[in-house]
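**Student:** this is a predicted model, with the sequence first.
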Amino acid sequence: TDEYKAALHPAIRAAAIDRFRDLNSHVATGIARMQSEDAKEGLNEALGDDQPQDIGEPPQWVLDAPTDDSEPPNGHDYAEPSSVWVKPLADGWPTPIDLLHVAMQQEIDLSILPGWLQDRHGDIAQRTGCDAGISVLADFVALGALADDHYRAQPREKDWKFTQRPGFFGCVIGATGTRKTTASDAALEIPWQIDTAEQRNAAAAIKKFVMDKKIYEAQVSDYVREAKKSTVGLTEPVEPEPPTFGYFKVNDFTVEGLRRMLTHNHNGCMIVTDEMQTLLGSLGRYSASKGAAAADKGFVIQLYDGGEKIFARGGESGANTPNWKGSILALTTPESIRDCLRGKDTNADGFLQRQMLVCPIPAKVGEDRMPNAASIELYTTICKNLVSIRSGAVTVLKFAPEAVEYFREFETTVRKMISSSVYMAPM
């Protein structure tokens with residue numbers, strides 16, 4: 001089918017070829033062992049009276065794989081299954097390999113990134129020994145959280161109503177030992193420094209607001225007392241505006257806590273968790289009502305799109321959250337994701353489907369050398385500029401014609417995958 005052919009990406013093709021070669025080697029070794037006299041005697045002794053009369057020969061096969069510089073048989077960028085690839089030497093075929101579930105642990109090609117990001121993540125990967133994809137994804141999530149939410153991207157040429165906000169849900173799925181936390185911490189060091197500075201600014205702003213509020217209340221009291229005599233020459237006190245904050249880092253939360261934070265932080269938040277299960281398990285934990293976790297999860301999913309949200313709860317009717325927006329970075333393991341997928345609600349509610357996924361390769365030994373000071377300085381400047389550039393109105397940044405075409409191809413491919421019988425669920 002077309003969907004099956006489309007799934008045979010060159011990376012999958014290469015992984016499949018390597019796996020065929022490994023299997024071919026194992027089969028040859030197994031045949032040699034079965035044909036040895038020691039193995040036959042051991043098998044006869046183990047089977048005893050239950051041994052079959054004729055074990056027979058296993059089917060033999062070899063891989064007729066192309067060389068690295070050869071072209072696929074049909075001239076496309078995928079390999080169409082045919083007798084060119086696997087030829088039986090005897091009756092019977094080996095069990096087909098499920099190409100759709102071949103492990104896709106591929107290092108990210110840093111050349112697809114802007115030059116300043118290439119230097120930065122190449123440096124992090126070499127020093128930590130971690131897959132650069134971890135730090136790249138952490139950067140995407142952090143830069144999206146730092147950027148002013150008034151700036152939007154228009155990925156279609158003519159539809160100016162179709163825009164995307166800066167922000168991502170990212171998930172790194174790696175086995176223990178891939179050093180996910182090490183790589184993400186290296187990428188998030190500078191954004192966290194900015195967040196710490198913003199928290200200090202927020203503490204000072206809150207202190208000033210509290211003092212201004214007390215002065216205002218005293219002025220109101222004086223105004224009311226004097227107004228009873230005469231309002232001539234009186235000036236009504238002006239209530240101080242609550243401060244807005246720029247800090248955004250969140251490790252643990254409740255929906256009510258996020259609501260209070262986002263009431264004063266109009267640019268959104270960034271949630272970072274070391275386990276997907278920890279994030280999902282925290283939802284609804286302080287509520288005894290049935291379905292509280294599912295309700296909280298709905299609010300978390302809505303962080304992806306952003307926009308104004310009005311709450312009407314417990315005497316706070318009309319409480320306004322100007323921008324219910326957040327980015328999420330989750331570091332997790334395959335086992336944790338499997339547990340999430342077993343939940344009947346988790347698999348189809350859109351939360352996991354919104355994640356940008358990275359499956360890192362195993363970590364290596366990092367190089368002991370000085371960090372790239374130039375890339376650190378440039379990245380710091382860019383992050384500070386993102387924080388300082390704030391627009392009072394929506395500003396749309398249009399995609400270049402080549403990017404528009406690529407986005408159209410991306411949308412078409414994703415729609416085909418989701419509607420295909422091969423992909424029974426969006427995940």
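**Tutor:** Received the coordinates, thanks. Numbering: from 1, shown residues only.
**Student:** I figured residue 140 hits residue 169, correct?
**Tutor:** No: judged on CB atoms under 8 Å, residue 140 makes no contact with residue 169 at a distance of 10.4 Å. Yep, even glycine has a C-beta here, placed from its N, CA and C like the rest.
**Student:** what is the burial count for residue 167?
**Tutor:** 24 (other CB atoms under 10 Å).
**Student:** quick check: neighbours shared by residue 140 and residue 169?
**Tutor:** residue 356 (CB atoms under 8 Å, 6 or more residues apart in numbering).
**Student:** pLDDT value on the residue lying closest to residue 240 once chain neighbours are set aside, please?
**Tutor:** Spatial nearest neighbour of residue 240, excluding adjacent residues (CB to CB, 6 or more residues apart in numbering): residue 212 at 4.0 Å. For residue 212, the pLDDT comes out at 92.
**Student:** also residue 414?
**Tutor:** With respect to pLDDT, residue 414 has a value of 79.
**Student:** residue 340: neighbour count?
**Tutor:** 18.
**Student:** SS state for it?
**Tutor:** helix (DSSP: H, G, I helix; E, B strand; the rest coil).
**Student:** what's next to the helix or strand where residue 170 lies, contact-wise?
**Tutor:** Assigned by DSSP states H and E, residue 170 falls within strand 169-173. The contact list for strand 169-173, computed with CB under 8 Å, 6+ apart, reads 133-134, 137-138, 140-141, 180, 184, 276, 304, 327-334, 337, 351-352, 354-360.
**Student:** then stretch 255-262?
**Tutor:** With CB under 8 Å, 6+ apart as the criterion, stretch 255-262 contacts 245, 250, 268-269, 283, 296, 299-300, 303, 311, 319, 321-326.
**Student:** tell me the buried residues in it?
**Tutor:** 255, 258, 259, 261, 262 (16 or more other CB atoms under 10 Å).
**Student:** for residue 403, state which of those residues is nearest.
**Tutor:** Nearest to residue 403 among those is residue 262, at 30.8 Å by CB to CB.
**Student:** surely the closest one is in a strand?
**Tutor:** No: with three-state DSSP as the criterion, residue 262 is helix rather than part of a strand.
**Student:** got any ranges where the stretch 251-400 of the chain has weak pLDDT?
**Tutor:** 281-282, 284-292, 312-319, 341-348 (pLDDT under 70).
**Student:** what about the strands in it?
**Tutor:** Assigned by DSSP state E, counting those that start in this stretch, the stretch 251-400 of the chain shows strands spanning 269-273, 309-311, 319-321, 326-332, 355-358, 395-398.
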